[in-house]
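A.B. asks: predicted model follows, preceded by the sequence.
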Amino acid sequence: MRRGTRLTGRGIALLLCGALATVAAAYIGEVDLLWLGLALVALPLLALGYLFLARPLVDHERSLTPPTIPVGTSTRVVLHVANQSPAQASALRFHDSADESLGGGASFTIARGFGEWTQAVGYTVQALRRGRFTVGPLWAQAGDPLGLALRGFVARGRNSVLRVTPRIWRLEDLAGGAGLGSAGDATPQRIGSAGADDVLVREHRHGDDIRRVHWKMTAKRDDLMVRLEEHPWDPSSTLIVDTRRDAHRGHGADGSLEWAVSAVTSVAALLSEGRHKLAILSPSGRVFETGHSVGEASRQLMIEAMTDLATSEETWLGSAVDDPELLTSVASLVAVTGLLSTADAAALAAAGGRARSLIALVPDAAAWHADDDEHRESIRFLRGRGWRVETFRPLEPVPQVWERVTR
């Protein structure tokens, strides 16, 4: 649809016929035919004048339920359309515009006749791509009662924004089986004879579980103290998401890129609940860092960052980990990648040199129809460097792959 007033095909044909009849009547001297020709010419012009004087006035309100959805799912769009022009007699045609990844919007017609009216119209939108998408504007087209002219316009009202996030899977607590947050095997020794006061304690740090607080020592020292455990917990984790366009197979919500983004987001959401210090890296640079936010606030900021994450034209995964300052104190390193080269594997192995928990999720090359011997060799290389590597197949649920990790 387009703005402006114009004649329809019927109006143009009637105008041409009237003009020809008028010329022919003047040539042969037929007065009755002349008047008929003039009437035919006048009708399309009157239709244009009608639409110009009786301008359509249409308002709308749009609601998205829900306004935020995971990629691959759908939302319901409801439009409340109100006609404010009592002179509007013909049917109104509408097109609610949207991005192509949302199906391009929807078209519909409302025929209510003269008078003011309100009508609700609904349709379903399915999201095939992550990001933020504008739904609207609502284009409308009004005509005269004879269908000789059309007037295109934009209905008054606000556009809506649909936020399409990665799919977030609910994962079980992985701290034990996957080693996330484990900082070593040092076992603290008791000082002196056994007793409640002899256990080693230290000052409370950001991220410590409140259940480890030693209340008796806290009262003695007038400062919050926590017990040292056999496996001290270091709540620092770095996640690597491979966004290289050429490293992935498949398209849209079912492609390996979206699988990787969904997996990293799911793991990050789990770690955020455990108040981990998080950093998410991609070949394009740093995607997210916890900073001062923790818990649910950190989780929401992370989801926002992953929603806006774009594909990269980089060809080397090592671009994600070439800054040593990002990995100096990390306890856990989790990478979800596309197809790997030997150079990619070497970069990951070097990056994980100081981490104590190394996990990589990589595509099953055969299942993704990528007969890549270098990818298989890279998997063997990483396993030989202490990485726990699991492969994922198309449409395989993330929790199913993580269950193999914890096993």
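C.D. replies: Happy to help now that I have it.
A.B. asks: which parts of the top helix by length along the chain are buried?
C.D. replies: Taking DSSP state H as the criterion, the chain has its longest helix at helix 31-53. Within helix 31-53, the residues that count as buried by 16 or more other C-beta atoms under 10 Å are 34, 36-37, 40-41, 43-44, 47-48, 50-51. C-beta coordinates here come from the backbone N, C-alpha and C atoms, glycine included.
A.B. asks: turn those residues into JSON lines, including pLDDT and distance to residue 138.
C.D. replies: Shown next, in JSON lines, are the buried residues of helix 31-53 (pLDDT from 0 to 100; distance: C-beta to C-beta, whole Å):
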{"residue": "34", "pLDDT": "89", "distance to residue 138": "45"}
{"residue": "36", "pLDDT": "91", "distance to residue 138": "41"}
{"residue": "37", "pLDDT": "90", "distance to residue 138": "40"}
{"residue": "40", "pLDDT": "91", "distance to residue 138": "35"}
{"residue": "41", "pLDDT": "92", "distance to residue 138": "35"}
{"residue": "43", "pLDDT": "93", "distance to residue 138": "30"}
{"residue": "44", "pLDDT": "92", "distance to residue 138": "28"}
{"residue": "47", "pLDDT": "90", "distance to residue 138": "24"}
{"residue": "48", "pLDDT": "91", "distance to residue 138": "24"}
{"residue": "50", "pLDDT": "87", "distance to residue 138": "23"}
{"residue": "51", "pLDDT": "87", "distance to residue 138": "19"}
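A.B. asks: tell me the one among the residues you listed nearest to residue 12.
C.D. replies: residue 44 (7.4 Å; C-beta to C-beta).
A.B. asks: next up, the contacts around the closest one.
C.D. replies: With contact set as C-beta atoms under 8 Å, 6 or more residues apart in numbering, residue 44 has these partners: 7, 11-12, 14-15, 18, 148-149.
A.B. asks: just give the nearest non-adjacent residue to it, would you?
C.D. replies: Excluding the flanking residues, the one nearest residue 44 by C-beta to C-beta, 6 or more residues apart in numbering is residue 11, at 4.0 Å.
A.B. asks: ranges for the helices of the stretch 151-300 of the chain?
C.D. replies: For the stretch 151-300 of the chain, the helices defined by DSSP state H, counting those that start in this stretch cover 215-221, 256-273, 295-307.
A.B. asks: wait, residue 395 sits on residue 255?
C.D. replies: No: counting by C-beta atoms under 8 Å, residue 395 sits too far from residue 255 to count as a contact (10.5 Å).
A.B. asks: residue contacts, residue 164?
C.D. replies: 68-71, 127, 129-133, 307.
A.B. asks: where does pLDDT dip in the stretch 251-400 of the chain?
C.D. replies: 324-330 (pLDDT under 70).
A.B. asks: all strands for it, in order.
C.D. replies: 277-282, 285-289, 332-336, 357-363, 388-392 (DSSP state E, counting those that start in this stretch).
A.B. asks: the last one pairs with which strands, and in what direction?
C.D. replies: If you go by DSSP bridges, strand 388-392 pairs up with strand 357-363 (parallel).
A.B. asks: and what of the second one?
C.D. replies: Neighbouring strands of strand 285-289 in its sheet, by DSSP bridges, are strand 277-282 (antiparallel).
A.B. asks: outside of the partner strand, which residues touch it?
C.D. replies: Contacts of strand 277-282 (C-beta under 8 Å, 6+ apart): 206-207, 235-243, 264, 268, 271-272, 286-290, 298, 302, 305-306, 309, 312, 320-321, 326, 330.
A.B. asks: likewise for stretch 394-402?
C.D. replies: By C-beta under 8 Å, 6+ apart, stretch 394-402 touches 169-172, 174, 178, 250, 254, 256, 259, 262-263, 266-267, 361, 367-368, 390, 392.
A.B. asks: now a ChimeraX select for only the buried ones of those residues.
C.D. replies: Here is the ChimeraX command that selects the buried residues among those (16+ other C-beta under 10 Å):
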select :169,171,174,178,250,256,259,262,263,266,267,361,368,390,392
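A.B. asks: can you put the helices of the stretch 151-300 of the chain in JSON lines and add distance to residue 105?
C.D. replies: Listed next are these as JSON lines, based on distance: least, C-beta to C-beta, whole Å:
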{"stretch": "helix 215-221", "distance to residue 105": "60"}
{"stretch": "helix 256-273", "distance to residue 105": "23"}
{"stretch": "helix 295-307", "distance to residue 105": "21"}
